[in-house]
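Visitor: Below are the sequence and a predicted model; questions follow.
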Number of protein chains: 2
Amino acid sequence: MNSPEIEHLIHLMSRLPGLGPRSARRAALTLLKKREALLEPLAKAMSDAAAAIRTCPDCGNLDTQVPCAICTDEMRDGGILCVVADVADLWALERSGAFRGRYHVLGGTLSALDGIGPDDLNLPSLIERAANPSLREVILALGATVTGQTTAHYITDRLSRPDLQISGLAHGVPVGGELDFLDDGTLSAAISARRPV
Amino acid sequence: MNSPEIEHLIHLMSRLPGLGPRSARRAALTLLKKREALLEPLAKAMSDAAAAIRTCPDCGNLDTQVPCAICTDEMRDGGILCVVADVADLWALERSGAFRGRYHVLGGTLSALDGIGPDDLNLPSLIERAANPSLREVILALGATVTGQTTAHYITDRLSRPDLQISGLAHGVPVGGELDFLDDGTLSAAISARRPV
């Protein structure tokens, strides 16, 4: 009943994560009502991003330069490689500011249920990068889920080299978290890995 | 820390209703990962919509043609005018298929709290349209809220003409609704307006 341009816009908006058919219609209407303030700048930002953003061939990060700013940053430690499942995880770690090495984005985790095997992930390039003798440590920053831990085990098997340290993220109570709301698994892990104060 | 193109895209996405900073980042990342399937078509759909969609000068609807398809549809009854607050309400009524007259979009409701007075709404053009002697009925399809009912009263005062029927939407139990979950006001209205079966 609406014009095809509006229906097409609503249909595409509804494919974004977090937007269902109703909220996509609401978002499209907001765009159409704020044509100069929002619709036109967003259309331009999207075509600019589509033209400029590339996937880094080395690490899998998204950036305007190839290789990406992290891979070419001379101030970062090339001896430590942090393996993450997704670009979102890389962004989260960068926001924390706690890591100053380089990254490797797998593009997912091994999952028999979803039919994702080793060939569907950036694993060959990881094994190739890990063969570089200047690499001292690989941090497996994968989720504490079944698929994340399966992937971590798989990578640990493949990368075994006597002089290469392979580590994982610490498990425990989240900073700012209440014990009351934590699940049993996290509490057990926090007790087992207790540290002197 | 991300490239300016990505940060700008996330910033604009976060201004859409239903998307906060975190979900905007997630949506932007989905777009960047699905460049050909989603980002490029969405950028094109947005610039197409920005170029093609206009506000109808008669009723306030959004459409590619001016006046809009509803105002120019000869099959619709020009003798009945349905007043709605927003284009979203017009879309909702059109989806129901229950109304075959024409619309008038106010662009909001009177609200002293938000500083929205009669001059901020499309009220002069409504009074002008209502002066047309061929108009038999005005339906005030405004929300059953304080601002909606204030606006309905204001319009009823301004449009008083002996031969013009002014009506409002019926209040009662929503179709498919459980009595248990209804508020007292709706139940009272449904009891007062009870009808023989």
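Guide: Looks like it arrived, so ask away. Residues are numbered from 1 along each chain as shown, chains lettered A, B, ... in the order given.
Visitor: Every contact and neighbour count from this point should use C-alpha atoms.
Guide: OK.
Visitor: as a whole number, average confidence for the helix or strand where A:Ala92 lies?
Guide: Here A:Ala92 sits within helix A:87-96, counting by DSSP states H and E. Helix A:87-96 carries an average pLDDT of 92.
Visitor: where does it sit relative to the chain's centre, distance-wise?
Guide: Distance of helix A:87-96 from the chain centroid (Cα atoms, centre = their mean, to the nearest Å) equals 7 Å.
Visitor: For that helix, which outside residues touch it?
Guide: For helix A:87-96, the external contacting residues (Cα atoms under 8 Å, 6 or more residues apart in numbering or on different chains) are A:Gly60, A:Asn61, A:Leu62, A:Val84, A:Phe99, A:Tyr103, A:Val105, A:Gly107, B:Met1, B:Asn2, B:Arg26, B:Leu29.
Visitor: check whether the helix or strand just after that helix contacts chain B.
Guide: Next helix or strand after helix A:87-96 toward the C-terminus (DSSP H and E): strand A:101-105. No - against chain B, strand A:101-105 shows no contacts by Cα under 8 Å from any Cα of the partner chain, the least distance being 12.7 Å.
Visitor: Dihedrals phi and psi, the spatially closest residue to A:Asn2 that is not a sequence neighbour?
Guide: Leaving aside its sequence neighbours, A:Asn2 sits nearest to B:Asp63 (Cα to Cα, 6 or more residues apart in numbering or on different chains; 7.5 Å). For B:Asp63, the backbone dihedrals (degrees, to the nearest 10) come out as phi -160, psi 170.
Visitor: how about B:Asp63, what does it touch?
Guide: B:Asp63 makes contacts with A:Asn2, A:Ser3, B:Ala52, B:Ile53, B:Arg54, B:Thr55, B:Cys56, B:Ala69, as judged by Cα under 8 Å, 6+ apart.
Visitor: what bridges to it?
Guide: On the basis of DSSP bridges, B:Asp63 is bridged to B:Arg54.
Visitor: Show residues contacting the lowest-mean-pLDDT helix or strand in chain A.
Guide: Sorted by mean pLDDT, DSSP states H and E, the helices and strands of chain A end with helix A:184-192, the least confident at a mean of 87. With Cα under 8 Å, 6+ apart as the test, helix A:184-192 has contacts from A:His171, A:Gly172, A:Val173, A:Leu179.
Visitor: Run a quick neighbour tally on A:Ala190.
Guide: Using other Cα atoms under 10 Å in any protein chain shown, the number of residues around A:Ala190 comes to 16.
Visitor: picking up where we left off before, okay, angle between the helix holding A:Ala92 and strand A:101-105 too, please.
Guide: If you take axes from the mean of the first three to the mean of the last three Cα atoms, to 10 degrees, helix A:87-96 sits at 160 degrees to strand A:101-105.
Visitor: List the buried residues in the strand ranked longest in chain A.
Guide: Counting residues, the longest strand in chain A under DSSP state E turns out to be strand A:77-84. By 16 or more other Cα atoms under 10 Å in any protein chain shown, the buried positions in strand A:77-84 come out as A:Gly78, A:Ile80, A:Leu81, A:Cys82, A:Val83, A:Val84.
Visitor: and the one residue in chain A that gets nearest to chain B, what is it in contact with?
Guide: With Cα to the nearest Cα as the measure, A:Ala43 is the residue of chain A nearest to chain B, at 4.8 Å. Shown in contact with A:Ala43 (Cα under 8 Å, 6+ apart): B:Leu42, B:Ala43, B:Lys44, B:Met46, B:Ser47.
Visitor: Can you check what angle separates the helix or strand hosting the third one from helix A:40-52?
Guide: When you say that, I think you mean B:Lys44. According to DSSP H and E, B:Lys44 maps onto helix B:40-52. When the same axes, to 10 degrees is applied, the directions of helix B:40-52 and helix A:40-52 differ by 150 degrees.
Visitor: quick one on the thing from earlier: pull out the buried members of the contacts of helix A:87-96.
Guide: A:Gly60, A:Asn61, A:Leu62, A:Val84, A:Tyr103, A:Val105, A:Gly107, B:Arg26, B:Leu29.
Visitor: what's the most distant pair in the residues you listed?
Guide: Greatest spacing in the buried ones among the contacts of helix A:87-96, by Cα to Cα: A:Tyr103 and B:Arg26 (19.5 Å).
Visitor: I'd like the buried residues of strand A:77-84 as TSV, with pLDDT appended.
Guide: Shown next, in TSV, are these (pLDDT from 0 to 100):
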residue	pLDDT
A:Gly78	93
A:Ile80	95
A:Leu81	95
A:Cys82	96
A:Val83	96
A:Val84	96
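Visitor: could you dump those residues to CSV with distance to B:Asp183?
Guide: CSV is the format used below for the buried residues of strand A:77-84 (distance: Cα to Cα, whole Å):
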residue, distance to B:Asp183
A:Gly78, 63
A:Ile80, 60
A:Leu81, 58
A:Cys82, 54
A:Val83, 53
A:Val84, 49
